[in-house]
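Pasting the sequence and the predicted coordinates here, then a few questions.
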Number of protein chains: 2
Amino acid sequence: MTVAAELVARVEAGDRRALARLITWIEDDDPRAHAALAGLYPRTGRAHIVGVTGAPGTGKSTLVSALAAEERKRGRSVGIISIDPTSPFTGGALLGDRIRMMEHIADRGVFMRSMASRGSVGGLSVSTSDAVRALDAFGCDVVFVETVGAGQAEIDIVRTAHSVIVIEAPGLGDEIQAFKAGILEIADVFVVNKADREGADKTANALKVMLDVGNTMKQRRGDGPARVPAPSAAEAGHHGAREGNFPAEAYAPTTDATEWRPPILKTVAAERRGVIEVVDALDAHWRHLRESGAITQRERERVEDEVRQLLGRTLTRRCVEAGGLERYAALVDAVTARALDPRGAVEALIGAWVAQRKEAG
Amino acid sequence: MTVAAELVARVEAGDRRALARLITWIEDDDPRAHAALAGLYPRTGRAHIVGVTGAPGTGKSTLVSALAAEERKRGRSVGIISIDPTSPFTGGALLGDRIRMMEHIADRGVFMRSMASRGSVGGLSVSTSDAVRALDAFGCDVVFVETVGAGQAEIDIVRTAHSVIVIEAPGLGDEIQAFKAGILEIADVFVVNKADREGADKTANALKVMLDVGNTMKQRRGDGPARVPAPSAAEAGHHGAREGNFPAEAYAPTTDATEWRPPILKTVAAERRGVIEVVDALDAHWRHLRESGAITQRERERVEDEVRQLLGRTLTRRCVEAGGLERYAALVDAVTARALDPRGAVEALIGAWVAQRKEAG
């Protein structure tokens, strides 16, 4: 039995230390991780993957911890992957925040892990999706992937989730939501956390306005479902109905089979207020994805995207490495100096690789 | 002389019809375009490439037309590439808008061209950068690349420019700026167009707040220059100074050698008001890039990015085509059905390709 096969057997048997080791291999891009993941792959595809993102200071970790507690109450096992930003600034702040997750440390139904970006941005995206797969194969019913919603890399990461929660908080500057605009379009559930603070209604309202503007823009661009324009008061009422959910009120699904409208929910995660409604919304969205059949299409697209990305990355890496990094840098320099054009550099790289392979074979 | 070499000679000689044909080849991904671009490549790297983006209704085309007129007054030749969105909705609106550019139709110092996305999103990004290169080799001093700032593809396109203008307009909804947040961070110059309309100050102010929040967030993330926090009144005064430029006031550069702070400028492009200041800002930014040395680093990064992208795309395409698209689809289906893992699919694709090459060689 190879080391990887042994690890697969142990992960399948529910060995948490084996799972932890596998994720370390994934982080290190260790070839044994690839073998183990291949072995575990048939057991994946069952977990509900939830992306959670928001600016520093919105209380992401506290909310995720509270959501995990609620999921546990519902009898589900939970995985949590926290993506650590590379910056020493927010890194420190987030680690402090995550102390709040310690409540789950003794619960064997919760597996937590932070991952740092050791390689390239694209590398983080691949290794996060591998780690999620490991937790899925381990048997987690729900996997939360928590990132700081700042850059494209984080957007790419949460984009692979089934459901995406975007967290806001009042008092971080009136227009702070703007910085998540790339994320607005992929959000399935909005949460205004720290909703006991001044300005929570204003923040929720700003989100509502942006959503409405977004819907209008989608219609104008023609890439959203064409809706009969509703009077703005009715639109406001639409979201308003769900805004009233705080502190505790039943979650009212507002979607039909073909369309999901992201609800805007208020929470005070530190006091566990409003958390039940967020988990209700996640359940409703997961149900919506499966009942509408959207999950099948989404899954195939996700797989195609992953295969194509992995193919491009693998081929590029092998080609560049075959020629040597110095040769690669020299070619880039030559293109920068206009001594060679980009396609010429590409053909030189591929040609050298092919010649080498022929010689080797 | 090959057809491509002949075209190169004609483009170099300033033949506009040859240039138009080259861009058609680029759009069609015709192999002759690659040969011609390789021939023209040594003549590139001289133009100032300016990306212009903004939501539909901000008056982008009118502004670009006005900027082109001002550049012409300064004795420069101008290229304009307009990226047509694939959507029939905005497509119609934009084409109507572009009638305003007709003023330049008889001016041989202006070359205009719209490009549509015929292939994939990534394809549009590659062909736009090829078209810009063609205009650069043709001898344009300034090349404007105009896109609708809606999706990631457009962001990728303007990202390759030396200077990026983001256009806002009042009255498109209070929070509409939010939708360009991914773009906010790459903007070098902000323009509030239609500044004679109600709400222009509000729009400019919202931008200012977002910029300030963005700077704060960058500092917190640690990926921006660490600035001594200024009192918010002073911050407001900072941007406020430049807001006062409308209707006509000298452009006051607000940067030192190492840092560029995007100015917020107001225009009424249809009446040519405020346009001089925008071109002044573009000139200042272009000067800043060259004097600070930022241009060298930016150019090498751009080239490396392009070579790597082109390498990945070329290898992926050749590998997928060698195995046949049906085989590729079958492998993706197998991964979706969990019968195969993603890396297994990738190795199967590469293995088949290598075997084929060996047989062929």
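That came through fine.

Show me the helices in chain A, by range?
Ranges of helices in chain A, per DSSP state H, are A:3-12, A:16-28, A:31-40, A:60-73, A:88-98, A:121-138, A:152-159, A:181-184, A:200-221, A:232-243, A:275-291, A:294-323, A:325-336, A:342-360.

in the sheet, who's paired with residue A:145?
With DSSP bridges applied, the residues forming beta bridges to residue A:145 are residue A:51, residue A:81.

so it touches residue A:163, yeah?
No: at 10.5 Å, residue A:145 does not count as touching residue A:163 under the criterion of CB atoms under 8 Å. (Glycine included, C-beta is placed from N, CA and C.)

residues shared between the contacts of the two?
Common neighbours of residue A:145 and residue A:163 (criterion: CB atoms under 8 Å, 6 or more residues apart in numbering or on different chains): A:49, A:50, A:51.

Test my guess that residue A:270 contacts residue A:62.
Yes: Residue A:270 is within contact range of residue A:62, at 5.4 Å (criterion: CB under 8 Å).

Look at the two and report which has more neighbours.
Neighbours were counted for residue A:270 and for residue A:62 using other CB atoms under 10 Å in any protein chain shown; residue A:62 has more, 22 against 15.

Can you list the low-confidence ranges for chain A?
A:56, A:84-101, A:116-124, A:148-156, A:159, A:171-184, A:213-258, A:361 (pLDDT under 70).

Now the residue most central in space within it: closest residue in space that isn't a chain neighbour?
In chain A, the C-alpha nearest the mean C-alpha coordinate belongs to residue A:158, at 2.0 Å (CA atoms, centre = their mean). In this structure, residue A:158 finds its nearest non-sequential neighbour in residue A:51, 3.1 Å apart by CB to CB, 6 or more residues apart in numbering or on different chains.

How is chain A divided into domains?
By the record's domain assignment, chain A is partitioned as A:1-40, A:44-292, A:309-360 (automatic domain parsing).

more neighbours, residue A:145 and residue A:163?
The residue with the greater number of neighbours, taking residue A:145 and residue A:163 and applying other CB under 10 Å, is residue A:145; the counts read 27 against 24.

what sits against that one?
Residue A:145 makes contacts with A:49, A:50, A:51, A:52, A:81, A:83, A:128, A:132, A:157, A:158, A:161, as judged by CB under 8 Å, 6+ apart.

Make TSV from those and add distance to residue B:189 to it.
Formatted as TSV, the entries for the contacts of residue A:145 read as follows, by distance: CB to CB, whole Å:
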residue	distance to residue B:189
A:49	40
A:50	39
A:51	34
A:52	35
A:81	39
A:83	33
A:128	35
A:132	40
A:157	31
A:158	31
A:161	36
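
Might one say that the residue nearest to the centre of chain A is in contact with residue A:49?
No: in this structure, residue A:158 is not within contact of residue A:49 by CB under 8 Å, at 9.6 Å.

neighbours of the residue nearest to residue A:158, just the number please.
Applying the criterion other CB under 10 Å, we find 29 residues in the vicinity of residue A:51.

check contacts around it.
A:144, A:145, A:147, A:157, A:158, A:159, A:160, A:161, A:163, A:164, A:165.

Please report how far the third one lies from residue A:299.
Here residue A:147 is placed at a distance of 21 Å from residue A:299 (CB to CB, to the nearest Å).

more neighbours, the two?
For the pair residue A:147 and residue A:299, the greater number of neighbours falls to residue A:147 (27 against 16), based on other CB under 10 Å.

where's the more buried one relative to chain B, distance?
With the distance defined as CB to the nearest CB, to the nearest Å, residue A:147 ends up 13 Å from chain B.

Excluding chain neighbours, what is closest to residue A:352?
Counting by CB to CB, 6+ apart, residue A:352 lies nearest to residue A:323, which is 4.9 Å off, once chain neighbours are set aside.

right, and that neighbour touches residue A:346 too?
No: counting by CB under 8 Å, residue A:323 stays clear of residue A:346, with 11.5 Å between them.

Compare those two (neighbour count), which wins?
Using other CB under 10 Å as the criterion, residue A:323 and residue A:346 rank with residue A:346 on top: 24 against 19.

In contact with that one, which residues?
For residue A:346, the contacting residues are B:307, B:310, B:311, B:314, taking CB under 8 Å, 6+ apart as the criterion.

Apply 10 Å and report the result again.
Taking CB atoms under 10 Å, 6 or more residues apart in numbering or on different chains as the definition of contact, the neighbours of residue A:346 are A:319, A:331, A:335, A:340, B:306-315.
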